[in-house]
Every structure is written in C-alpha cells, then in structure tokens.
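K.L.:
take this sequence and fold it.
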Amino acid sequence: MEEIFILEDDETLGRGIAMALETPECKVTLAQTLKQAQDMLQKQFSLLILDINLPDGSGIDLLCRLRAQGNSVPIILLTANDLELDEVTGLEAGADDYITKPFSLAVLRARVNAQLRRSASMTNECVSIGPFSFDFQRMEFKRNGLAIELSKTEQKLLRILVENRGRTLPREMLVDRIWTDGADFVEENALSVTMKRLRGKLEQDPAKPKYLKTVYGIGYTWAVES
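P.N.:
Sure, this is the predicted structure:
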C-alpha cells in the first residue's frame with residue numbers, strides 16, 4: 001500500500017486533498033504544522049506533499065533537512081507563491097515537483113501518480129535509461145550493450161544521480177553520501193574528479209555532457225530528456 005503524507009495548514013484544503021488521493025490502495029496522513037510533521041515523519045512514506053507557508057515555519061526548511069539526511073522520498077511542494085524565484089528555490093532544494101495554488105485536484109492526482117510510478121521504478125536494482133543499462137546489484141553497467149568498468153566511488157555517484165534523476169543535488173550532499181566514512185577529510189576537488197571520470201566513461205562527448213550535467217553554483221544532476 002502507498003502511504004502519502006500531507007503537510008497543509010489549511011484544514012479544509014488538506015482534507016480535500018486527502019479525499020482526492022485516498023483509495024483502498026493509498027493511505028493519507030495529514031499534519032498542519034512543522035512540529036506535527038517532524039513527529040509523524042519518523043515513519044517512512046511513499047510521497048510527501050508539503051505546503052511552503054506554515055504557521056511555524058517553511059516547508060522548504062523541512063525539505064532541506066530531509067534531503068540533507070539522505071532521504072530521497074518524492075516531495076511535491078504546494079504554495080500560494082507564483083514567483084519564478086520561489087519555484088527555483090524549491091526545486092533546487094530537492095523538490096520533485098511544484099504546484100501553485102489554486103490548482104486542480106485532477107492535476108494534483110496525475111502528478112502524484114507520476115511521482116509514485118517513478119519511485120516504484122527505482123525499487124528495481126536494474127535501471128534502463130536511453131542507451132544505458134545499470135544493474136547496481138550485480139555491478140554491471142552498459143552503454144549500447146557494451147560493458148563499462150566503474151570504480152566503487154563512480155558507482156556510488158552514478159546511483160545517487162540516477163535515483164534522483166531530474167533533480168539537482170548539491171555538492172555537499174553528494175560528498176556526504178559518497179564518502180560516508182570520512183567526508184571531513186575528502187579533498188575539495190574529489191567530487192569534480194570523480195564526475196570527470198564518470199563522464200569520460202558514459203558520455204559520448206564528455207566536454208558537452210548530455211546526461212551528467214553541472215548546475216553551476218549548486219551541484220550536479222542526471223538530466224531527464226524532454
């Protein structure tokens with residue numbers, strides 16, 4: 001069963017969203033404040049829907065904490081703010097989608113279902129993307145059927161980016177998750193060197209990467225083709 005968590009301070013709207021999403025195969029849990037959310041999020045959910053403007057803080061702050069902890073659960077942000085800067089801030093913080101109020105419940109359902117399908121596809125250890133086939137369990141990596149040899153560090157970086165494809169991941173998060181046993185002692189350019197080597201093995205033209213993109217001033221992303 002899928003379990004969805006909704007953080008929305010407007011009780012009427014929260015209940016409306018819950019009614020729209022709840023099915024025999026999907027359970028919905030509601031919270032109205034950050035404090036309630038922090039207590040409830042001790043358990044795992046399939047997807048989170050977070051309002052940004054809350055009586056005791058911001059949903060983006062909660063989003064940032066979850067991503068800093070390595071939590072990759074799909075997250076959709078809700079807000080009354082329609083400024084492009086707000087959307088960019090939310091997505092750069094690690095949100096998977098962003099919906100501005102007022103919105104159609106049918107559209108919200110469609111976006112929720114899209115995120116759940118994407119998340120379910122990542123439970124399989126073998127992932128096929130374009131010309132690539134990545135089997136993280138057997139540690140077998142191929143492009144157009146030809147084997148690619150990757151180091152352990154390159155495998156870690158690749159897996160994190162593929163599991164979060166379409167999302168920009170900050171350099172600090174990547175360093176913490178790749179070098180878990182000693183991030184404080186990792187050389188500053190270690191991540192850049194690892195990315196350069198990975199591009200050299202995966203990209204047809206490493207100087208103009210199609211998949212392993214740099215988002216300057218923030219970090220890296222596995223780009224999703226439009």
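K.L.:
where does the residue located most distally from the centre of the chain land on pLDDT?
P.N.:
Here the centre of the chain is the reference, and by CA atoms, centre = their mean the most remote residue is residue 146, at 28.8 Å. Predicted confidence (pLDDT) for residue 146: 94.
K.L.:
so what's the backbone phi/psi at it?
P.N.:
Reported as degrees, to the nearest 10, the phi and psi values for residue 146 are phi -100, psi 130.
K.L.:
how near is it to residue 140?
P.N.:
11 Å (CB to CB, to the nearest Å). All C-beta atoms are positioned from the backbone trio N, CA, C, and that covers glycine.
K.L.:
cool, residue 87 as well?
P.N.:
Distance of residue 87 to residue 140, computed by CB to CB: 38 Å.
K.L.:
give me the more crowded residue out of the two.
P.N.:
residue 87 (17 against 13; other CB atoms under 10 Å).
K.L.:
so the more buried one sits in a helix?
P.N.:
Yes - Residue 87: assigned to a helix according to DSSP: H, G, I helix; E, B strand; the rest coil.
K.L.:
ok, it - contacts?
P.N.:
98, 100 (CB atoms under 8 Å, 6 or more residues apart in numbering).
K.L.:
and the nearest residue to residue 70 once chain neighbours are set aside, how many neighbours?
P.N.:
Distance criterion CB to CB, 6 or more residues apart in numbering; nearest residue to residue 70, sequence neighbours excluded, is residue 177 at 5.6 Å. Counted with other CB under 10 Å, residues neighbouring residue 177 total 16.
K.L.:
what packs against the strand or helix carrying residue 177?
P.N.:
Assigned by DSSP states H and E, residue 177 belongs to helix 171-178. For helix 171-178, the packing partners by 3 or more CB pairs under 8 Å, 6 or more residues apart in numbering; DSSP states H and E come out as helix 59-68, helix 152-163, helix 190-202, strand 219-222.
K.L.:
now those as CSV including distance to residue 112?
P.N.:
CSV is the format used below for those (distance: least, CB to CB, whole Å):
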stretch, distance to residue 112
helix 59-68, 16
helix 152-163, 19
helix 190-202, 31
strand 219-222, 22
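K.L.:
residue 119 and residue 47 touch, don't they?
P.N.:
Yes - counting by CB atoms under 8 Å, residue 47 is a contact partner of residue 119 at 7.1 Å.
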